[in-house]
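Visitor: based on what follows, work out the 3D shape:
(one chain, ligands or ions: 4)
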Amino acid sequence: MYLQTILNADLHCHSVVSDGTLTPEQLVERAKANGVELWALTDHDEIGGIARAAAAAQAQGLNYLTGAEISVTFAGETVHIVGLGFDAQNPQLVAGLHQTRSGRELRAREMADGLAKVGIKGSFEGALQFVGNPELISRTHFARFLVESGVCSETHEVFRKYLTEGKPGYVPHRWAALKDAVHWITEARGVAVIAHPARYNFTANEEYALFTEFKNHGGQAVEVVTGSHTAQEAVKYAETAQEFGLAASRGSDFHSPGESRCDLGALPLLPGALSPVWELLAERILRPEPGMR
Ligand code: AMP
Ligand code: MN
Ligand code: MN
Ligand code: MN
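Guide: Ligands and ions are numbered 1, 2, ... in the order given. A predicted model of the protein is given here:
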């Protein structure tokens, strides 16, 4: 396949293996129906869904890259680093992801304790009802439980009132180090990507440090067009990509038909002046058999 600069690539989304509500197979079907031409499943801190994702992509005739979204702590904030096109068997990557996931259960129990103090009982067990992978309990699952039990009317409201810094269900957490996450990805022959950079509460200096250190550790790309960016933010980070000599990625960050504002494959295309991340990954793409496209 000839890889154009202008491609309906969607390189960021979630399945039931982390905090999405669709299976890897359902995501492939939806991506195909929406005209996606190159796709990656990027579950949080987890690659347990990627064998199914790869098989479904092959069966449906969709170009596919391995992926994950790793939680990192940088300058006291949580930053997400997407890895694409890595070797999923790489032992250091597998161990790093396992280690990153391992604090989630205790964190969730502490979140439930915080919520119980403001009268919301049983939220650990409640959130677990929404979990597809017991190793991957996330704030999103608590949000779904609080919506279902009528505490809030939608998940964004739960985050605003209960699950963000300073709120009763928020528990500060130390995730992976930036250097480690970038190394796990690059040593496994993947490309590391700064996810949705506009979503972090950094000062200009902190953001500069993030991009500088990311690049020094071997990071090669940044999400420019994502479901988490406004059009203005995409313009801003297109400039940042050029300033730092980073390739650009594009991904909806789709989680759920009912919750996500941006559907798979529904984003604007990458601005033409940027180097798309898939140029770096051409050899890592799992391409469907001829006749399956
Ligand atoms: P966690 O990794 O457990 O901290 O959960 C992070 C996830 O929560 C993100 O990947 C989003 O899916 C979700 N999330 C974060 N902030 C919000 C928000 N304001 N509204 C809805 N979902 C959010
Ligand atoms: Mn998520
Ligand atoms: Mn994210
Ligand atoms: Mn995401």
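
Visitor: now G219: how far from D253?
Guide: According to CB to CB, to the nearest Å, G219 and D253 sit 19 Å apart. Every residue, glycine included, has its C-beta placed from N, CA and C.

Visitor: please disregard the earlier target; I meant R144.
Guide: 17 Å.

Visitor: tell me which of those two has more neighbours.
Guide: D253 (27 against 23; other CB atoms under 10 Å).

Visitor: may I have the phi/psi pair for L281?
Guide: Backbone torsions for L281, taken as degrees, to the nearest 10, come to phi -110, psi 10.

Visitor: from what I see, it and F86 are in contact.
Guide: No. Using CB atoms under 8 Å, L281 makes no contact with F86, being 9.9 Å away.

Visitor: near ligand 3, which residues of the stretch 1-150 of the chain show up?
Guide: H80 (CB under 5 Å from the ion).

Visitor: how about the helices in the stretch 1-150 of the chain?
Guide: Assigned by DSSP state H, counting those that start in this stretch, the helices in the stretch 1-150 of the chain fall at 24-33, 50-60, 91-102, 104-117, 123-128, 139-148.

Visitor: ligand 4 is nearest to which of those?
Guide: Closest approach to ligand 4 among those (CB to the ion): helix 139-148, 9.9 Å.

Visitor: thinking again about what came up before, could you say which of the helices of the stretch 1-150 of the chain is packed most deeply?
Guide: When the helices of the stretch 1-150 of the chain are scored by mean count of other CB atoms under 10 Å, the highest mean neighbour count falls to helix 139-148 (a mean of 22).

Visitor: so how far is that helix off the chain centroid?
Guide: Taking CA atoms, centre = their mean, to the nearest Å, one finds the center of helix 139-148 at 18 Å from the center of the full chain.

Visitor: same deal with stretch 53-71?
Guide: Per CA atoms, centre = their mean, the centroid offset for stretch 53-71 relative to its chain is 14 Å.

Visitor: please renumber the chain so that the first residue is 41 from this point on.
Guide: Yep, numbering from 41; the last one is stretch 93-111 now.

Visitor: now the terminal residues of that stretch, how far apart.
Guide: Using CA to CA, to the nearest Å, the span of stretch 93-111 from its first residue to its last is 21 Å.

Visitor: just the mean pLDDT for that stretch, thanks.
Guide: Stretch 93-111 shows a mean pLDDT of 98.

Visitor: do the same with stretch 196-213
Guide: For stretch 196-213, mean pLDDT is 98.

Visitor: stretch 46-65 now?
Guide: Averaging pLDDT along stretch 46-65 gives 97.

Visitor: just stretch 224-232 next, same as before
Guide: On average, stretch 224-232 scores 98.

Visitor: okay, that stretch in CSV with CA atoms only?
Guide: Only the C-alpha atoms of stretch 224-232 are listed here, as CSV (Å, rounded to 0.1, in the frame of the first residue of the first chain):
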residue,chain,number,x,y,z
TRP,A,224,9.9,0.6,26.8
ILE,A,225,8.4,1.7,23.5
THR,A,226,11.5,2.6,21.5
GLU,A,227,13.5,-0.5,22.7
ALA,A,228,10.5,-2.5,21.4
ARG,A,229,11.0,-0.8,18.0
GLY,A,230,8.0,1.4,18.3
VAL,A,231,7.4,5.1,18.1
ALA,A,232,6.6,7.1,21.2
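
Visitor: chain center to that stretch: distance?
Guide: Distance, stretch centre to chain centre, for stretch 224-232: 16 Å (CA atoms, centre = their mean).

Visitor: what residues sit buried inside that stretch?
Guide: Residues of stretch 224-232 classed as buried: 224-228, 230-232 (neighbour count, 16 or more other CB atoms under 10 Å).

Visitor: now, the residues you listed that are in strands?
Guide: Residues of the buried residues of stretch 224-232 located in strands (DSSP state E): 231-232.

Visitor: I'd like to know which of the buried residues of stretch 224-232 is nearest to G312.
Guide: V231 (20.4 Å; CB to CB).

Visitor: what are the bridge partners for the closest one, then?
Guide: L124 (DSSP bridges).

Visitor: any weak-confidence spans in the stretch 191-333 of the chain?
Guide: Along the stretch 191-333 of the chain, segments meeting pLDDT under 70 span 331-333.

Visitor: how about the residues of this protein by ligand 4?
Guide: Residues of the chain lying near ligand 4 by CB under 5 Å from the ion: 109, 293.
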